[in-house]
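Student: Got a sequence here, can you build the structure:
(2 chains)
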Amino acid sequence: MPQNSTSDRKAMVSMQHSGGKSGILSVVVAGWARAGNFALLGIFVTLLLIFSLTVPHFATVANLSNVLQRNSIIGIVACGMLLMIILAGFDLSVGAVGAMSSVVAAALIVHVSMVAGIAAGLLLGLVVGLVNGFCIAKIGINAFVATLATQVLVTGFLFVGTAAQPIYGVPESFTFLGLGKIGPLPVPTLIFAIIALLVWALLRFTTFGHYIYIVGGNRTAARLAGINVDRVTIATYGIGGLLAGVAGIVLLGETTIGQPASATDWPLSAIAAVVVGGVPLSGGVGRVSGAILGTLLLGIIANALNLLGISPFWQPAVTGAVILVAVGVDAYQRRQSERR
Amino acid sequence: MSIDFAARSHDRLLSSLVEAFRAYGAILGMVAVFIVIALIKPSFGHVANIENVLRQCTVLLMMSLGLTLVLAMRGVDLCVAQTVDAAAIMSAGLLVHGAPTWLAFTAPLVLGVVIGLLNGLLTAYLGIPAIIATLGMMFVVRSGELIYTHGSDPQILFTLPDSTTQVFFFLGRHTIAGVPALIVLALIVFFAVYALATRTAFGRQARAVGFNVRAAYLAGIDTRRVFAAGFVVSGVCAAIAGVAMVSRTGIAMPRGAEPLLLDAFTAVYLGTLASRGGAMTIPGTLVGTLFVSFLSNGLTMLGLGAPFRFTLNGLFILLAMAVGALRRPH
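Tutor: Got it, this is the predicted structure:
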């Protein structure tokens, strides 16, 4: 093959390109994702610095510990949501599941025992998650409708079961889970950290974790490669439900009241946190660090607005604008890198 | 020979019965539910009650119609309910501050177009997933409402002098030739959206985008524009619904229409039961809206409140989607 013929070399290069397209594309995407993660970290650190310098009482241990405590619940939910988003889905029922878990746990803690309450809350979360997964994988309903329906259904059962009344009587000692501190570190944050670590390990070191990426990236290819796509889907939604259950228990620790009408904003907040963290809804990509950073980013912005005494009426707009800008820039960059 | 013929016609009758049941079974089921409720609670079937529910469901119908177009293109519009609220508050606020009635009717529609355009820009042209883009817009619009109303001060119209509200309230409270004006308006919107979806190039293009974006794109359809236009239609429909709502109730406040969001989704998804092949159609949405509204009314009359409505709505959505999924050939 004549090496000096430019036309031939071009042809070769183009052949290489077309032949190894997915390889090159994946390198580009991976590189971009790394850069994107750093960019997000940069934005987060910059904001942290700006707020520390300009917002009074922001950079105090008490305030930062408060921010961590308040955002840990959404962080726990976001870790589960991350898995489902990597799988190219999401779960709108996490709020209803969290409320249910906290109500059932409250009832059982009052009437039976603490262990039974926590176990039942977690188990119910897992079960609803598995039902979601079953509807999506086996029946073939899309994730939006399936989880919307289970959300409505679970909320309905919860209201019928409790007659829409909150459940009181959880002992004060239970607040350790929601309000307790070990040193300056709030207990919910510790739980969040442990769960984030577990999810990180799951995604990085286990075959199942790798399957989640593959199924999310391309279902058909995953099936053809011999992966039991249905089982991966059901298990992932199960984990998502379980983590929503954990968050429900922590919520109960915070309030000591099993409130059936609570947690309605969890699903959208968690999806927003993960997406702001640079994880695309199209699936196949995503890291725990994104979910954590997204959660904390939205958390410190809300906290700074509070400390600055900005009207709470503006806060939804700021949250909305942050989401739109973060995801808009993300989508724009993605399109640019695809064009290249 | 004659026996053979009879058997064959029997078969054909059976298969056509099965076919008919497939097509209309869901509607029969819905009617059966209502017959049961009416048997338990005869006042459910009274003309006055039916008319009342029909008048109430017009708001839900109008917002669901636009949502149908967006959902049929595999988009999502989470901000329809917020648009209803914003339009209602704008309309009421204008009247309270002494603006002319025509402005109270038209300005909210412009707002609906603007919200729809923004949603369309964010999703179709910038490429933000619809669920995120419309979620962000929902927050922004909600903030606007809260700021305008200083938290949650309701915009109250019925304390205004009759002379300023007479024309405005005509829409919500009076009848045209014996038919409530609201129902007339809802029918006009229904037929307009129906015509848009079935008789225009836009409607055909939207269907193509819904079936297969890539194929639609390769066939030369400006898929971005069609997708964005869906959001504009949704915004306008929601704005009309908002004006209708405030004209009926005489009061507007932030987050007043938010509970309707879930009902609207339920209506659209239940509507897929009423069409062959489980497609999202405008008449299907009408059926879904009527079912959701009458069911909620019936449950209230039976003394079963919102909890049961939630449970049943959830069950029905799952049922509708499961039936749709099982109907589709794999």
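
Student: now the strands for chain A?
Tutor: For chain A, applying DSSP state E gives strands covering A:181-182, A:185-186.

Student: Low-confidence regions, the chain specifically.
Tutor: In the absence of a named chain, this looks at chain A. Residues of chain A meeting the criterion pLDDT under 70: A:1-38, A:338-340.

Student: I was after chain B.
Tutor: Filtered on pLDDT under 70, chain B yields the residue ranges B:1-8, B:19-23, B:277, B:326-330.

Student: Point to the residue nearest the middle of it.
Tutor: Taking Cα atoms, centre = their mean, the centroid of chain B lies closest to B:Ser64, which sits 1.4 Å from it.

Student: Among the strands of chain A, show me which one is buried the most.
Tutor: Among the strands of chain A, ranked by average contacts under mean count of other Cβ atoms under 10 Å in any protein chain shown, first place goes to strand A:185-186 (a mean of 18). C-betas here are computed from N, CA, C, even on glycine.

Student: in its sheet, what does that one sit against?
Tutor: Paired strands of strand A:185-186, with direction, are strand A:181-182 (antiparallel) (DSSP bridges).

Student: Name the surrounding residues that touch the partner strand.
Tutor: Applying Cβ atoms under 8 Å, 6 or more residues apart in numbering or on different chains, the set of residues contacting strand A:181-182 from outside is A:65, A:187, A:190.

Student: What is the nearest of these to chain B?
Tutor: A:Ser65 (27.0 Å; Cβ to the nearest Cβ).

Student: Give me the number of neighbouring residues for the closest one.
Tutor: Other residues near A:Ser65 come to 16 when the count uses other Cβ atoms under 10 Å in any protein chain shown.

Student: didn't it look like it was pressed against A:Pro186?
Tutor: Yes - counting by Cβ atoms under 8 Å, A:Ser65 does reach A:Pro186; the two are 5.9 Å apart.

Student: Flag every residue of the stretch 101-250 of chain A that's near chain B.
Tutor: Residues of the stretch 101-250 of chain A lying close to chain B by Cβ under 8 Å from any Cβ of the partner chain are A:135, A:139-142, A:144-146, A:148-160, A:163-164.

Student: and with 6 Å instead?
Tutor: Counting by Cβ under 6 Å from any Cβ of the partner chain, the stretch 101-250 of chain A comes close to chain B at A:139-141, A:145, A:149, A:152-153, A:155-157, A:159-160.

Student: and B:Gly127, how many neighbours?
Tutor: Counted with other Cβ under 10 Å, the neighbours of B:Gly127 add up to 17.

Student: burial count for the closest residue to it other than its chain neighbours?
Tutor: Closest residue in space to B:Gly127, ignoring its immediate chain neighbours: A:Ala331 at 3.9 Å, by Cβ to Cβ, 6 or more residues apart in numbering or on different chains. Residues within reach of A:Ala331, counting by other Cβ under 10 Å, total 20.

Student: distance of A:Ala331 from B:Leu111?
Tutor: 26 Å (Cβ to Cβ, to the nearest Å).

Student: would you list every one of the strands in the stretch 51-200 of chain B?
Tutor: For the stretch 51-200 of chain B, applying DSSP state E, counting those that start in this stretch gives strands covering B:155-156, B:175-176, B:179-180.

Student: what's the most buried one of those?
Tutor: The most buried one of those (mean count of other Cβ under 10 Å) is strand B:155-156, showing a mean of 18.

Student: before we move on, back to that, report the buried members of the residues of the stretch 101-250 of chain A next to chain B.
Tutor: Neighbour-count burial (16 or more other Cβ atoms under 10 Å in any protein chain shown) is assigned, among those, to A:141, A:145, A:149, A:152-153, A:155-157, A:159-160.

Student: TSV for the residues you listed, including distance to B:Phe191?
Tutor: Listed next are those as TSV, based on distance: Cβ to Cβ, whole Å:
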residue	distance to B:Phe191
A:Ile141	31
A:Val145	27
A:Ala149	30
A:Val152	30
A:Leu153	34
A:Thr155	35
A:Gly156	34
A:Phe157	39
A:Phe159	38
A:Val160	39
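
Student: From those, which land in helices?
Tutor: A:145, A:149, A:152-153, A:155-157, A:159-160 (DSSP state H).

Student: Quickly check: stretch A:306-313 near chain B or not.
Tutor: Yes - Stretch A:306-313 reaches chain B (Cβ under 6 Å from any Cβ) through A:Phe313.

Student: can you dump the C-alpha coordinates of that stretch into CSV?
Tutor: Extracted in CSV, the C-alpha atoms of stretch A:306-313 (Å, rounded to 0.1, in the frame of the first residue of the first chain):
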residue,chain,number,x,y,z
ASN,A,306,-32.2,32.1,52.4
LEU,A,307,-29.3,33.7,54.2
LEU,A,308,-29.4,36.7,51.9
GLY,A,309,-33.1,37.2,52.9
ILE,A,310,-34.2,37.0,49.3
SER,A,311,-38.0,36.5,49.0
PRO,A,312,-39.0,32.8,49.0
PHE,A,313,-41.1,33.6,46.0
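
Student: Show me what counts as buried in it.
Tutor: By 16+ other Cβ under 10 Å, the buried positions in stretch A:306-313 come out as A:Phe313.

Student: cool, stretch A:104-116 as well?
Tutor: A:104-110.

Student: for stretch A:41-49, same thing?
Tutor: A:44, A:48.

Student: residues from the stretch 101-250 of chain B in reach of chain A?
Tutor: B:126-129, B:132, B:135-136, B:139-140, B:142-143, B:146-147.
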